[in-house]
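>>> Any chance you could fold what I've pasted below:
(one chain, ligands or ions: 1)
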Amino acid sequence: MRATARARANIALVKYWGKADAGLNVPAVGSLSITLDSLHSETSVEFEPTLECDTLTLDGQADAAALERVTACVDLLRESAGIATRVRVVSRNNFPTGAGLASSASGFAALVAAGAAALDLSISPQALSILARRGSGSAARSIFGGYVEMHAGSRDDGSDSFAEPLLEAAAWPLRVVIAITSRDRKRVGSTAAMGVTAATSPYYPAWLATSAADIDSAKSAIGDRNVAALGAIAESSCLKMHALAMSSSPPIIYWNSATIACIDAVRALRNDGVGVFFTIDAGPQVKAVCVTEDAATVADVLREIPGVVDVIETGLGAGVEIC
Ligand code: DP6
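Just a heads-up that it's a prediction; the model follows:
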């Protein structure tokens, strides 16, 4: 009744922001991501008959705040197995937690995979993706490696809201250079921020209306292996998402001054002929995506920017695996 799984973080090139059903955690829009090789969560799940309640240790510390979502996910596994046994969950990230580096994506993907393995449930990757979504929308994508599309779906029960792989990492091995501009936990979590946005941003209807076309454009850019075309759509989706957050009431600004300096640097590199583009999730870190030959140049430039405290370089990685 014990298993460990490793899942990798992913970054969305076409963003998910907003929910169609908060209870089932069904996203209001589809999304498209790449799974990152070097940023992972390793999560052990042990169903332990003597436990009176579920416990969660995250990076060596009890985490009561995240426990509620963990229990909600594990309840679905318990329901499938027809048991009520409580779990001990121990999870570790090899990167800063809660700082806009998709720790909930890798964490929940690893959780459901380890939980299903611990219970010996034979479950399809698609069903695993749906379970991971209940923990965190972006986690549905971390079940798969490489290039991944998340379908918002249209069914009321969320049964068609899952991710699926589009292209293997090796088929187009882009690199991602991540500029860490703060190690602090973000002040407003994405779930809460999405709620405020949907309720108050005047731009939210336009966001919903343009997302499907963004996904189509990104898919054809990936099909053509066209960095410039993929970059144009990824930067536009990222800036739209942040414009939504900024135009909410109260406004939500995830960036700091180094974030903006990194955006400027990426744009300047591009003017100099380097094939690179940026994306930023719900935090201040800037992820620069480029071809392998340009990764060292991009990393050197970002490392020199005042306020950049670390630079992590990674390739694209595989889906969730049982350790
Ligand atoms: C900006 O998946 O963290 O990273 O479903 O509420 O847990 P919840 O949200 P979460 O949101 C991710 C937002 C994003 C964009 C993306 O990954 O698509």
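
>>> the residue most distant from the middle of this protein, which is it?
Farthest-out residue of the chain from its mean C-alpha position, per Cα atoms, centre = their mean: residue 50, at 34.1 Å.

>>> ok, how many other residues are close to residue 41?
Residue 41: 31 surrounding residues under other Cβ atoms under 10 Å. No exception for glycine: its C-beta is placed from N, CA and C like everyone else's.

>>> just checking, it touches residue 58?
No: using Cβ atoms under 8 Å, residue 41 is not in contact with residue 58, being 9.2 Å away.

>>> joint contacts of those two?
91-93, 107 (Cβ atoms under 8 Å, 6 or more residues apart in numbering).

>>> Pass me the low-pLDDT residue ranges in this structure, would you?
Scanning the chain for pLDDT under 70 picks out 96-100.

>>> Flag every residue of it that's near the ligand.
Contact residues, the chain versus the ligand (Cβ under 6 Å from any ligand atom): 12, 15-17, 25, 31, 104, 136-138, 190-191, 281-282.

>>> What subset of those is buried?
Neighbour-count burial (16 or more other Cβ atoms under 10 Å) applied to the residues of the chain next to the ligand gives 12, 15-17, 25, 31, 104, 136-138, 190, 281-282.

>>> So residue 16 belongs to a helix, correct?
No: assessed with DSSP: H, G, I helix; E, B strand; the rest coil, residue 16 is coil; it does not lie in a helix.

>>> Looking at the stretch 201-323 of the chain, which residue is nearest the ligand?
Taking Cβ to the nearest ligand atom as the measure, the stretch 201-323 of the chain has residue 281 as its residue closest to the ligand, at 3.7 Å.

>>> before we move on, the earlier item: out of the residues of the chain next to the ligand, which sit inside strands?
12, 31 (DSSP state E).

>>> Which parts of the protein belong to which domain?
2-168, 175-315 (automatic domain parsing).

>>> Next, format those domains as TSV and append distance to residue 322.
Conversion of the domains of the chain to TSV gives the following (distance: least, Cβ to Cβ, whole Å):
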stretch	distance to residue 322
domain 2-168	5
domain 175-315	22
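
>>> For the stretch 1-150 of the chain, just list every one of the strands.
In the stretch 1-150 of the chain, the strands defined using DSSP state E, counting those that start in this stretch lie at 2-14, 19-21, 26-27, 31-47, 55-58, 61-62, 87-93, 147-150.

>>> How about the fourth one, which residues are buried there?
The neighbour-count check on strand 31-47 (16+ other Cβ under 10 Å) flags 31-37, 39-47 as buried.

>>> What of the second one?
When burial is assessed from 16+ other Cβ under 10 Å, strand 19-21 yields the following buried residues: 19-20.

>>> residues touching residue 113, list them.
Contacts of residue 113 (Cβ under 8 Å, 6+ apart): 5, 7, 128, 143, 320-322.

>>> got it, and residue 310?
179-180.

>>> about what we covered before: so of the domains of the chain, which one's packed in deepest?
Of all the domains of the chain, domain 2-168 carries the top mean neighbour count, a mean of 21, counting by mean count of other Cβ atoms under 10 Å.

>>> from the middle of its chain, how far away would that one be?
Chain-centre distance of domain 2-168: 10 Å, with Cα atoms, centre = their mean, to the nearest Å.

>>> Span of that domain from start to end?
Start-to-end span of domain 2-168 (Cα to Cα, to the nearest Å) is 30 Å.

>>> Likewise for stretch 185-203?
Stretch 185-203 end-to-end distance (Cα to Cα) = 27 Å.

>>> Need the contact partners of it.
17-19, 22, 28, 97-100, 104, 204, 207, 240, 243-245, 247-250, 252, 254, 281-283.

>>> that older thread, roughly how far apart are the residue farthest from the centre of the chain and residue 1?
12 Å (Cβ to Cβ, to the nearest Å).

>>> Mutual contacts of those two, please.
Common neighbours of residue 50 and residue 1 (Cβ under 8 Å, 6+ apart) do not exist.
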